[in-house]
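> okay, structure incoming, though there's no sequence with it:
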């Protein structure tokens with residue numbers, strides 16, 4: 001069964017996670033605590049535009065990549081089942097010498113997945129759908145490209161006291177899942193990673209996570 005992150009992380013046993021550096025990555029993996037994530041979203045609410053807020057919310061509570069957020073369309077939001085279906089991303093296409101943005105395949109085969117939507121996120125999405133326009137593609141967030149959102153939102157995070165990137169929010173989602181007992185196979189499925197990659201990246205969250213991986 002899919003795991004609802006907000007039901008799992010009512011209590012967070014870890015503080016200010018900073019995971020060991022993984023070979024091939026440019027910087028240490030950072031993640032927020034549950035309290036920090038909640039505070040960040042509280043500070044951002046009303047301070048940034050609603051589409052920007054929804055983007056941050058989807059990254060932090062559903063673990064979506066930026067390209068997946070911008071490629072998400074309303075027909076992939078199942079309000080009845082409280083799930084998101086990820087089957088595409090917004091990316092730079094090969095057409096017109098790589099200047100055209102549009103829908104493309106997800107990052108990997110594992111990236112095709114269904115993700116549970118926490119209740120508070122679901123409520124916010126319902127409100128957002130009623131009050132904000134979409135486009136001809138039926139997208140939730142109408143940013144033109146991934147790089148713009150990846151650049152703009154961290155500036156807003158910094159203004160409310162958080163020196164983080166959008167990917168930090170995805171890492172937060174992952175570490176909170178695993179720290180609260182989600183097995184690596186389930187976490188990998190929700191993240192759109194292989195089990196091997198998930199274990200390699202997040203096995204240091206707590207000392208006993210490796211024993212739960214089976």
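Everything's here; your move. Since this is a predicted model, take the numbers as computed values, not measurements.
> tell me which residues in stretch 173-193 are buried?
Residues 173-180, 182-184, 186-193 are the ones in stretch 173-193 that count as buried (16 or more other Cβ atoms under 10 Å). Where you see a C-beta, it was placed from the backbone N, CA and C, and this is true even at glycine.
> can you give me the end-to-end span of that stretch?
Stretch 173-193 has an end-to-end distance of 13 Å (Cα to Cα, to the nearest Å).
> any weak-confidence spans in the chain?
1-28, 96, 98, 206-214 (pLDDT under 70).
> I figured residue 191 was touching residue 176, is that so?
No. Between residue 191 and residue 176 there is no contact under Cβ atoms under 8 Å: 11.9 Å.
> list phi and psi for residue 90.
The phi/psi pair for residue 90 (degrees, to the nearest 10) reads phi -90, psi 120.
> and what of residue 103?
Dihedral angles (degrees, to the nearest 10) for residue 103: phi -80, psi 140.
> tell me who's in contact with the closest residue to it other than its chain neighbours.
Among residues not flanking residue 103 along the chain, residue 88 sits closest, at 4.8 Å (Cβ to Cβ, 6 or more residues apart in numbering). Contact analysis of residue 88 by Cβ atoms under 8 Å, 6 or more residues apart in numbering lists 71, 103, 104, 105, 106.
> now which of the residues you listed would you call buried?
71, 103, 106.
> make TSV from those residues and add distance to residue 123 to it.
Below are these laid out as TSV (distance: Cβ to Cβ, whole Å):
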residue	distance to residue 123
71	23
103	27
106	27
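> out of those residues, which comes closest to residue 169?
Nearest to residue 169, judged by Cβ to Cβ, of the buried ones among the contacts of residue 88 is residue 71 at 16.9 Å.
> roughly how far does that closest one sit from residue 94?
To residue 94, residue 71 is 16 Å away according to Cβ to Cβ, to the nearest Å.
> ranges for the helices of this protein?
5-8, 34-44, 50-62, 66-71, 95-98, 119-131, 146-159, 166-179, 184-191, 195-202, 209-212 (DSSP state H).
> now those helices in a markdown table, with distance to residue 83?
Listed next are these as a markdown table, based on distance: least, Cβ to Cβ, whole Å:
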| stretch | distance to residue 83 |
| --- | --- |
| helix 5-8 | 13 |
| helix 34-44 | 21 |
| helix 50-62 | 10 |
| helix 66-71 | 14 |
| helix 95-98 | 32 |
| helix 119-131 | 10 |
| helix 146-159 | 23 |
| helix 166-179 | 15 |
| helix 184-191 | 11 |
| helix 195-202 | 20 |
| helix 209-212 | 24 |
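> looking at the ones you listed, which one is packed in the most?
Compared across the helices of the chain, helix 66-71 shows the largest average neighbour count, a mean of 26 (mean count of other Cβ atoms under 10 Å).
> which helices and strands sit right next to that helix?
helix 50-62, strand 89-92, helix 146-159 (3 or more Cβ pairs under 8 Å, 6 or more residues apart in numbering; DSSP states H and E).
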